[in-house]
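Asks: from the sequence below, what's the structure:
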Amino acid sequence: MRLKQAEKTREPGLLMYHDNQIRRAETAMQYCMHSRVGPRAYPGSIDAVWQNDPVCGRAGQVRGVRCGIPKQRSGFTIIELLIVVVIIAIAALTVVPMVSSAASMQIRSAANMVAADLEYAKSMAISRGQYISVVFNEATESYQIEDQNGDVIQHPVKKGFLYTMDFRNDSRLDRVEIVSANFDATNSIKFDYLGSPYNGGGAALNSGVITLRAGSFTRTVTVEPVTGYISISD
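Replies: A predicted model of the protein is given here:
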């Protein structure tokens with residue numbers, strides 16, 4: 001109102017020009033007062049808005065903020081920090097289970113492999129009509145399948161390779177160790193043409209147990225006497 005009264009005292013030729021200027025300032029003030037930045041950034045009179053706001057005023061080069069658009073804040077919000085903390089906590093909780101699950105998976109795979117190789121030796125003895133032996137070496141964490149002459153047979157899948165299994169040199173099973181392989185106090189078992197099991201001394205098997213371990217997990221592979229039935233247990 002002061003601006004209007006002041007302008008009326010001037011020459012009539014300038015009155016319309018100043019009225020237009022005042023209307024522009026009032027329009028700018030209304031626009032900024034309804035924005036998120038205007039009321040906070042430019043409290044005071046129309047002149048303050050006219051002189052300091054880069055869009056609403058004529059001295060916009062003074063500030064680098066556009067009228068109606070808030071400044072971008074630096075840093076993180078509490079919600080963002082909480083999300084980061086939760087992600088880190090979840091990642092930390094999954095590290096130990098992943099390590100333990102690797103040992104658990106390896107021990108299961110190793111037990112299944114030993115049982116399968118014993119079954120293969122038994123089936124080879126039946127199909128060939130001769131003794132086929134499985135010889136374990138606890139010191140080297142390995143075993144091999146031999147024919148009745150004591151020669152290691154060829155692997156049926158890996159052509160050109162002998163049928164040996166070395167846990168230490170197999171990255172898939174390098175956590176596994178052979179704790180014991182006991183066949184009536186011998187380290188080998190053989191099957192005859194009927195699939196019946198014998199100990200390393202050639203006598204009918206009374207007890208055959210292979211114990212495997214990986215970390216805190218253990219598995220036992222058992223060969224039953226007479227029938228040669230093979231099973232896996234914890």
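Asks: for the helix ranked longest in the chain, packing partners?
Replies: Longest helix in the chain, counting residues (DSSP state H): helix 78-128. Secondary-structure packing of helix 78-128 (3 or more CB pairs under 8 Å, 6 or more residues apart in numbering; DSSP states H and E): strand 132-137, strand 142-146, strand 164-166, strand 188-191, strand 208-214, strand 217-223, strand 230-233. C-beta here means a position set from N, CA and C on the backbone, and glycine is covered the same way.
Asks: how about a cut-off of 6 Å?
Replies: strand 132-137, strand 188-191, strand 208-214, strand 217-223, strand 230-233 (3 or more CB pairs under 6 Å, 6 or more residues apart in numbering; DSSP states H and E).
Asks: quick check: mean pLDDT across it?
Replies: Averaged over helix 78-128, pLDDT sits at 83.
Asks: mind showing which ranges of the protein have poor pLDDT?
Replies: Flagging of the chain using pLDDT under 70 yields the residue ranges 1-75, 91-100.
Asks: tell me the contacts of the nearest residue to Gly215 once chain neighbours are set aside?
Replies: Spatial nearest neighbour of Gly215, chain neighbours left out: Ala103 (3.5 Å); criterion: CB to CB, 6 or more residues apart in numbering. The neighbours of Ala103, taking CB atoms under 6 Å, 6 or more residues apart in numbering as the test, are Arg175, Ala214, Gly215, Phe217.
Asks: cool, Asn199 as well?
Replies: Contacts of Asn199 by CB under 6 Å, 6+ apart are Phe183, Asp184, Thr186, Leu205.
Asks: against Gly195, how distant is the third one?
Replies: Using CB to CB, to the nearest Å, we find Thr186 at a distance of 19 Å from Gly195.
Asks: look at the two and report which has more neighbours.
Replies: Thr186 (19 against 16; other CB atoms under 10 Å).
Asks: beta partners of that one?
Replies: For Thr186, the beta-bridge partners are Phe183 (DSSP bridges).
Asks: show me what contacts it?
Replies: Residues counted as contacts of Thr186 (CB under 6 Å, 6+ apart) are Asn199, Gly200, Gly201.
Asks: give me the neighbour count for the closest residue to the first one other than its chain neighbours.
Replies: Counting by CB to CB, 6+ apart, Asp184 is the residue found nearest to Asn199 once chain neighbours are left out, at 3.9 Å. Here the count is done by other CB under 10 Å, and Asp184 has 17 residues near it.
Asks: these two touch, right, Asp184 and Asn206?
Replies: Yes. Here Asp184 reaches Asn206: they are 5.4 Å apart, a contact under CB atoms under 6 Å.
Asks: if we can go back for a sec, want to throw the helices and strands packed on helix 78-128 into TSV with distance to Gly160 and mean neighbour count?
Replies: Output for the helices and strands packed on helix 78-128, formatted as TSV (distance: least, CB to CB, whole Å; neighbours: other CB atoms under 10 Å):
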stretch	distance to Gly160	mean neighbour count
strand 132-137	20	21
strand 188-191	25	24
strand 208-214	27	21
strand 217-223	28	19
strand 230-233	28	14
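Asks: show me the domain layout of this protein.
Replies: 2-62, 85-233 (automatic domain parsing).
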